[in-house]
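Participant: coords please:
(2 chains)
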There are 2 protein chains.
Amino acid sequence: MNNRRTFLKQTGLLAASTAFAPNPLWSSTFQQKEKLGIALVGLGYYSTDLLAPALQLTKHCELRGIVTGSPEKIPVWKEKYGIADKNIYDYKNFDSIANNFDIDVVYVVLPPSMHAEYVVRAAKAGKHVWCEKPMAPSVADCEKMIKACSDNKVKLAIGYRCQHDPNIQAYMKLAKDNTFGKVRMVTSAAGYVDNRTDHWKQKKAMGGGVMGDMGVYAIQGARLATGEEPISVLAQTFTTRPEIYHEVEETAMFQLEFPSGARAACHTSFGINMNYLKINYEKGWAQMEPQSAYLGNKGIMSNGTEINFPIENQQAKQMDDDALALLNNTELMVPGEEGLRDIRVVEAVYKSAASNSLVKL
Amino acid sequence: MNNRRTFLKQTGLLAASTAFAPNPLWSSTFQQKEKLGIALVGLGYYSTDLLAPALQLTKHCELRGIVTGSPEKIPVWKEKYGIADKNIYDYKNFDSIANNFDIDVVYVVLPPSMHAEYVVRAAKAGKHVWCEKPMAPSVADCEKMIKACSDNKVKLAIGYRCQHDPNIQAYMKLAKDNTFGKVRMVTSAAGYVDNRTDHWKQKKAMGGGVMGDMGVYAIQGARLATGEEPISVLAQTFTTRPEIYHEVEETAMFQLEFPSGARAACHTSFGINMNYLKINYEKGWAQMEPQSAYLGNKGIMSNGTEINFPIENQQAKQMDDDALALLNNTELMVPGEEGLRDIRVVEAVYKSAASNSLVKL
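Facilitator: Have a look, this model is predicted:
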């Protein structure tokens, strides 16, 4: 074993460094694991109510670590999930996770403004990184995160649970297979009524605003339905409750143009309950409602075919898919580059709305 | 009988002049008619295939006259509908229809660029006027038409068959009755693939363009769903077949803002088959598909209520409703002012698309 490998092994970077080029050594240390050790960074609602329970349902993941700034949460998590003391970190000592062989993947579940910092720190610690959506508030942040993971030879997945849902995969396939000919028009809506009055989703500095939270689902609907990347954006953002939404937009409406000539009308809101996708092709249509729920995404096509596949738990499926991709050294379904694609559109929506003009991408 | 009334009776203007203020004389000459005599101006597809057959199904209308610039069509119409020679006009002698007591209503079914001229001439001839949609290519034209009818004391109805369809009336009622609370978001789509290559719908000078033809249905969907008039428009128009659509737009997408805060995303196209309406309210939703077909408009609401009322023939219902409103001197369901409201939005869509900016109304 050469010096570099010895160093990598000591620092826990070995699996990562070789994940891009399988070799016997890598296989023997990482690929043969049955389960990857996951550490959740940030123990808010999504970690507590969704990810931690989902991790109990996974085959290839094990919740082994937590990173939190709230010491009062530690005993609860220890008792509930048997987290070992040595796998519990705060935001100061987090970087020492590099030396913890229990942890294979760091899952960043913090407000979006903190994603870049913690993804970069996790990458530098030699851990594979999973990062919640939206990937980050800016394209610059996303690029920084992708580069840090690449530089440190770790992989980065974005927590888009929907792309792991067979119901979403079903409509994605229609464009790929040309089932109804070319896509002509998409309507993609994703919103809910958020009546909280003091939440990070309402704070600009924390990466709030509906575009990152629900808007990316509206974008994903259009992007996944067409299988294309938008080339222009015309948008407006607005607020009907300025007492709550004065830093960030409550609602956004935007029109996307795709290279094939397909177009999309997207709407997203913290003030409107709506969640659907309508795709008009040359020779038919497909629709989903809901299109981005945790469970129950379903649809129908113009030929009568129903889209209604069973899925026990989206987050468990997502994490098992991502764990298997790491274990087998295959491509991640939703890598950092995919998260970046949406944030490019998010930035263009803001730019178009602010400048009151069409933004070319 | 005073001199003015004698004159009116002689010139056929009597019914018209008194339609706004019922009096015994008016009742005895007009209101007691069982059927109104209709003259169709323009014998293209819509008159030939839709209106003339529909007139045979009406209770209160009778197809008695035609106005055409195509002499070869006359024998066909005479034979099929028994049109009397004295009720057949060309575009030159049309104004002498003023002296024809057989004709109570002139229905203008010409390309939109000709609507204003023929509505004004019909009004001056003292006939009530029905005018096909779109009302006219410009707000100025619409206002001229409304004024001419008002000045000549005749009534003007626009041929929006959909507002006479109980399925359309069903969703209009939801906003009025506040069934699901306030309207928050509407998506309204109306388009079809028109593969003709040399049609007036593709000619600017004839009032072509998708906005007037199908766009008004998309607008109507949003206006009728909210029961409100838009206060701002953000739009883009585009063409994927410039070889056909170089004078006028093939497709338009536009966002509408309403005084209540409701918004709408509308799309219309001569290159996309789509026809649906989705309404998201505070506490539920309703959807129609199709929303503006000749027959078969139907829908469903979030509470499970279906919208699927029988209607034998939209055009027959429209013409009987309008005939009854004239006979009973009650309000027309779709007066000229309603046609004008849509053309105001059409103009704003063009202005927004051309200036690439939000247009306030």
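Participant: how many other residues sit next to residue A:199?
Facilitator: Burial of residue A:199 is recorded as 15 neighbouring residues (other Cβ atoms under 10 Å in any protein chain shown). All C-beta atoms are positioned from the backbone trio N, CA, C, and that covers glycine.
Participant: which residues does it contact?
Facilitator: Neighbouring residues of residue A:199 by Cβ atoms under 8 Å, 6 or more residues apart in numbering or on different chains: residue A:208.
Participant: For residue B:257, see how far away residue A:236 is.
Facilitator: 8 Å (Cβ to Cβ, to the nearest Å).
Participant: How about residue A:69?
Facilitator: Look at residue A:69 and residue B:257: by Cβ to Cβ, they are 42 Å apart.
Participant: So between these two, which is more surrounded?
Facilitator: When residue A:69 and residue B:257 are compared for neighbours, residue B:257 comes out ahead with 21 against 13, by other Cβ under 10 Å.
Participant: How about the backbone phi and psi for the more buried one?
Facilitator: With angles defined as degrees, to the nearest 10, residue B:257 shows backbone torsions of phi -120, psi 140.
Participant: I'd guessed it sits against residue B:263; true?
Facilitator: Yes: applying Cβ atoms under 8 Å, one finds residue B:257 in contact with residue B:263, separated by 5.7 Å.
Participant: Determine the residues that are contacts of both of these two.
Facilitator: Between them, residue B:257 and residue B:263 share the neighbouring residues residue A:238, with contact defined by Cβ under 8 Å, 6+ apart.
Participant: any idea of the mean pLDDT for stretch A:339-346?
Facilitator: Stretch A:339-346 shows a mean pLDDT of 98 in the predicted model.
Participant: Need the pLDDT of the residue lying closest to residue A:170 once chain neighbours are set aside.
Facilitator: Once its chain neighbours are removed from consideration, residue A:170 has its nearest residue in residue A:307; the separation is 4.5 Å (Cβ to Cβ, 6 or more residues apart in numbering or on different chains). At residue A:307, the model reports a pLDDT of 98.
Participant: what does the one 5 residues further on give?
Facilitator: With respect to pLDDT, residue A:312 has a value of 96.
Participant: which SS class is it?
Facilitator: Here residue A:312 is coil, with the state taken from DSSP: H, G, I helix; E, B strand; the rest coil.
Participant: so how many other residues sit close to it?
Facilitator: The number of residues packed around residue A:312, counting by other Cβ under 10 Å, is 9.
Participant: Any stretches of chain A with poor pLDDT?
Facilitator: Applying pLDDT under 70 to chain A picks out residues A:1-29, A:31.
Participant: So what does the residue most central in space within it look like in phi/psi?
Facilitator: The geometric centre of chain A, computed from its C-alpha atoms, lies nearest to residue A:159 (Cα atoms, centre = their mean), at 2.8 Å. Dihedral pair for residue A:159: phi -80, psi 50, per degrees, to the nearest 10.
Participant: Leaving out the residues flanking it, which one is nearest to it?
Facilitator: Sequence neighbours aside, residue A:132 is the residue nearest to residue A:159 in space, at 4.4 Å (criterion: Cβ to Cβ, 6+ apart).
Participant: burial measure for the one you found, as a count.
Facilitator: By other Cβ under 10 Å, the burial measure for residue A:132, its neighbour count, is 23.
Participant: so who does it touch?
Facilitator: Applying Cβ under 8 Å, 6+ apart to residue A:132 gives the contacts A:46, A:107-110, A:112, A:115, A:158-159.
Participant: run the last query once more with 10 Å
Facilitator: Neighbour list for residue A:132: A:41-42, A:44, A:46-47, A:51, A:107-112, A:115, A:158-161, A:339 [criterion: Cβ atoms under 10 Å, 6 or more residues apart in numbering or on different chains].
Participant: Repeat that for residue A:59.
Facilitator: Residues near residue A:59 by Cβ under 10 Å, 6+ apart: A:34-35, A:316, A:319-320, A:323-324.
Participant: same deal with residue A:111?
Facilitator: Contacts for residue A:111 were tallied using Cβ under 10 Å, 6+ apart; they are A:42, A:44, A:132, A:137, A:199-201, A:203, A:205-208, A:212.
Participant: Just to be sure, which of the contacts of residue A:59 are found in helices?
Facilitator: Assignment to helices by DSSP state H places the following of the contacts of residue A:59 there: A:316, A:319-320, A:323-324.
Participant: Cross-check these against chain B and keep the overlap.
Facilitator: By Cβ under 10 Å from any Cβ of the partner chain, no member of these lies near chain B.
Participant: can I get those residues in JSON lines with neighbour count and distance to residue B:270?
Facilitator: Converted to JSON lines, the ones in helices among the contacts of residue A:59 look like this (neighbours: other Cβ atoms under 10 Å in any protein chain shown; distance: Cβ to Cβ, whole Å):
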{"residue": "A:316", "neighbour count": "23", "distance to residue B:270": "47"}
{"residue": "A:319", "neighbour count": "29", "distance to residue B:270": "47"}
{"residue": "A:320", "neighbour count": "21", "distance to residue B:270": "47"}
{"residue": "A:323", "neighbour count": "25", "distance to residue B:270": "50"}
{"residue": "A:324", "neighbour count": "16", "distance to residue B:270": "48"}
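Participant: before we move on, back to that, quick check: bridge partners of the residue nearest to residue A:170?
Facilitator: Listed by DSSP bridges, the beta-bridge partners for residue A:307 are residue A:299.
Participant: Give me the neighbour count for it.
Facilitator: Residues lying near residue A:307 (other Cβ under 10 Å) number 20.
Participant: roughly how far apart are it and chain B?
Facilitator: Distance from residue A:307 to chain B, counting by Cβ to the nearest Cβ, to the nearest Å: 17 Å.
Participant: shouldn't that residue be in contact with residue A:287?
Facilitator: Yes: between residue A:307 and residue A:287 there is a contact at 9.0 Å, judged by Cβ atoms under 10 Å.
Participant: Next, show the common contact partners of those two.
Facilitator: The overlap between the contact sets of residue A:307 and residue A:287 (Cβ under 10 Å, 6+ apart) consists of A:171, A:298-301.
Participant: so how far is residue A:109 from residue A:47?
Facilitator: If you go by Cβ to Cβ, the gap between residue A:47 and residue A:109 works out to 5 Å.
Participant: what's the overlap in contacts for those two?
Facilitator: Contact criterion Cβ under 10 Å, 6+ apart; residues shared by residue A:47 and residue A:109: A:40-41, A:67, A:132.
Participant: In terms of secondary structure, what does the longest helix anywhere in chain A contact?
Facilitator: With residue count as the measure and DSSP H as the assignment, chain A has helix A:336-355 as its longest helix. The helices and strands touching helix A:336-355, judged by 3 or more Cβ pairs under 10 Å, 6 or more residues apart in numbering or on different chains; DSSP states H and E, are strand A:128-131, helix A:139-151, strand A:156-158, helix A:216-226, strand A:232-238, strand A:251-257, strand A:263-269, strand A:359-360.
Participant: Recalculate using a threshold of 6 Å.
Facilitator: Helix A:336-355 is packed against helix A:139-151, helix A:216-226, strand A:232-238, strand A:359-360, with contacts defined by 3 or more Cβ pairs under 6 Å, 6 or more residues apart in numbering or on different chains; DSSP states H and E.
Participant: Just the buried positions in that helix, please.
Facilitator: By neighbour count, with 16 or more other Cβ atoms under 10 Å in any protein chain shown as the criterion, the buried positions of helix A:336-355 are A:336, A:338-350, A:352-353.
Participant: Same question for stretch A:68-78.
Facilitator: Of the residues in stretch A:68-78, those buried by neighbour count under the rule 16+ other Cβ under 10 Å are A:68, A:73-74, A:77.
Participant: ditto for stretch A:291-298
Facilitator: Buried residues in stretch A:291-298 (16+ other Cβ under 10 Å): A:291-293, A:297-298.
Participant: and what of stretch A:127-142?
Facilitator: Burial within stretch A:127-142, assessed by neighbour count using 16+ other Cβ under 10 Å, is assigned to A:127-139, A:141-142.
Participant: for it, how far is the first residue from the last?
Facilitator: Start and end residues of stretch A:127-142 are separated by 17 Å (Cα to Cα, to the nearest Å).
Participant: Also stretch A:42-54?
Facilitator: Using Cα to Cα, the gap from the first to the last residue of stretch A:42-54 comes to 16 Å.
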